[in-house]
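Undergrad: what's the 3D shape of this:
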Amino acid sequence: MSDQSQADTSRKPVTEEDQAQVMQAIAGAVGSSLTELGRRAESSNTALMAFTIMFAAMPETAMLQPERLAAVMGAILKGDDKTKKDVANYITAIINMAQEVPRALAKAEAAYMADQAKAGAGAKPN
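TA: Residues are numbered from 1 along each chain as shown. Sure thing, here's the model as predicted:
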């Protein structure tokens, strides 16, 4: 028992300065971890947006069959109804975007051709 009581009395009391240093060390570690998680989330969001744009630009995406997608999604996301709903909404948005691409391209081309026609109408030959 005397060995234990000696060990207890030999410890230096914790000061406010010691506590502040420990808190700073913990805050630094937590801050670094959160910063790294933020970087990862930003990278993930960038990659997700890039893939979304690529898939929406592919003509084949507009022809995807919803029932096939639902079957694959059901096999992968077993029992997670909220995630299934979120993924289904996201897929629907990508397919809708892909279906709009031909109209958007046609509209942009028509605007370009109109601008070219205007520029050509006002131009004088040398």
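Undergrad: low pLDDT regions in the protein?
TA: Scanning the chain for pLDDT under 70 picks out 1-10, 121-126.
Undergrad: three-state assignment of the residue nearest the centre of it?
TA: In the chain, the residue lying closest to the centroid (CA atoms, centre = their mean) is residue 45, at 2.0 Å. Assigned with DSSP: H, G, I helix; E, B strand; the rest coil, residue 45 falls in the helix class.
Undergrad: that one and residue 52: what is the separation?
TA: 10 Å (CB to CB, to the nearest Å). All C-beta atoms are positioned from the backbone trio N, CA, C, and that covers glycine.
Undergrad: residue 37 too?
TA: Taken as CB to CB, the span from residue 37 to residue 52 is 22 Å.
Undergrad: neighbour count: the two, which is higher?
TA: Applying other CB atoms under 10 Å to residue 37 and residue 52 shows that residue 52 carries more neighbours, namely 14 against 10.
Undergrad: chain neighbours aside, what residue packs nearest to that one?
TA: Nearest in space to residue 52, with sequence neighbours left out and distances taken as CB to CB, 6 or more residues apart in numbering, is residue 94 at 6.0 Å.
Undergrad: is that neighbour within a helix or a strand, and which one?
TA: helix 81-122 (DSSP states H and E).
Undergrad: show me what that helix is packed up against.
TA: helix 16-57, helix 66-76 (3 or more CB pairs under 8 Å, 6 or more residues apart in numbering; DSSP states H and E).
Undergrad: can you redo these as JSON lines with distance to residue 111?
TA: Output for the helices and strands packed on helix 81-122, formatted as JSON lines (distance: least, CB to CB, whole Å):
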{"stretch": "helix 16-57", "distance to residue 111": "19"}
{"stretch": "helix 66-76", "distance to residue 111": "33"}
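Undergrad: among these, which comes closest to residue 118?
TA: In terms of CB to CB, the element of the helices and strands packed on helix 81-122 nearest to residue 118 is helix 16-57, at 29.0 Å.
Undergrad: got the angle for that closest one vs helix 81-122?
TA: Counting by axes from the mean of the first three to the mean of the last three CA atoms, to 10 degrees, helix 16-57 lies at 60 degrees to helix 81-122.
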